[in-house]
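>>> Pasting the sequence and the predicted model now:
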Amino acid sequence: MSAPLNIGVLALQGAFREHARVLRALGAEVVEVRVPSQLDGLDGLVLPGGESTTIVRLAELYRLDEAICGFAGPILGTCAGMIVLDREHLGLADLSVDRNAYGRQVRSFEADVDLAGEAEPLRGVFIRAPRIRALGDGVSVLGELDGEPVLVRDGRLLLASFHPELTDDTRVHERFLEMVRAQAHEGEASLPPTNGKEEIRVGA
Ligand code: GLN
């Protein structure tokens, strides 16, 4: 069996424990990230929902903003985590959002998200959710609510405007771990040949 994936969850504020629980249930090793050095050796990173202004302020305070910008692995951003990654904040994701654009806190709601290529919809928990206003050309839409994008992929970034960690449906996290596994394998493929491969070549 292959080694478990090491996934960091930014643990400054918000729903980081819930993400950690889902990721552990799916077999990942989880690191709660509070300082830049904790990003070392991670295969992937999750930015949870919460309050984006607070997360951005704390990330700046602990120099995690620069560190996250320098992190090369796949990143899952949910709700406030998606806001933190957008064009107006860290600028890693090629999209713009309107914060709290589905209404006030009392208007938080659950709804079925249509997933591209899947018959079974995914129950989405929307809590003062950001609404995607504009997407770059390279961003693909993986999930929609009433025809509007709510789950998108921009290269190594997977972004949801809802909270996939608050239901028992683990499909968003599974998809993220597949992206992480694929990128980790690419890295292995570009390593120099191992001793084992050398031996085979010599013996042939
Ligand atoms: N409204 C929050 C913000 O703007 C996001 C809400 C959430 O993450 N559930 O940061």
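Received it, and whenever you're ready, just let me know what you need. Since we're looking at a predicted model, the values are computed, not measured. Numbers count the residues shown, from 1 in each chain.

>>> quick one: what helix or strand has the residue nearest to the spatial centre of the chain in it?
Nearest to the mean C-alpha position of the chain, by Cα atoms, centre = their mean, lies Leu76 at 0.2 Å. For Leu76, the element it lies in under DSSP states H and E is strand 75-78.

>>> Show me which residues of the lengthiest helix in the chain are buried.
If you go by DSSP state H, the chain has its longest helix at helix 171-189. By 16 or more other Cβ atoms under 10 Å, the buried positions in helix 171-189 come out as Arg171, Val172, His173, Arg175, Phe176, Leu177, Met179, Val180, Ala184. From N, CA and C alone the C-beta is placed, and that goes for glycine too.

>>> Likewise for stretch 131-143?
By 16+ other Cβ under 10 Å, the buried positions in stretch 131-143 come out as Arg131, Ile132, Leu135, Val139, Leu142, Gly143.

>>> give me the element Glu60 is part of.
Using DSSP H and E, Glu60 maps to helix 52-61.

>>> rewinding a little: and the longest helix of the chain, what other elements does it pack with?
Applying 3 or more Cβ pairs under 8 Å, 6 or more residues apart in numbering; DSSP states H and E, we find helix 171-189 packed against helix 16-25, strand 44-47, strand 75-78, strand 157-160.

>>> Could you tell me how far the closest residue to Val33 other than its chain neighbours is located from Val139?
In space, and not counting its chain neighbours, Val33 is closest to Gly8: 4.3 Å by Cβ to Cβ, 6 or more residues apart in numbering. Gly8 is 23 Å from Val139, where distance means Cβ to Cβ, to the nearest Å.

>>> With Ser37 instead?
Counting by Cβ to Cβ - Ser37 and Val139 are separated by 31 Å.

>>> repeat for Cys69
Distance, Cys69 to Val139, by Cβ to Cβ: 18 Å.

>>> ok, now Val56?
Distance, Val56 to Val139, by Cβ to Cβ: 21 Å.

>>> Counting neighbours, what do you get for the closest residue to Leu166 other than its chain neighbours?
Residue nearest to Leu166 in three dimensions, not counting chain neighbours: Val125, with 4.6 Å by Cβ to Cβ, 6+ apart. For Val125, the tally of surrounding residues (other Cβ atoms under 10 Å) stands at 18.

>>> The one 5 residues further on too?
The burial metric for Pro130, expressed as a neighbour count using other Cβ under 10 Å, is 27.
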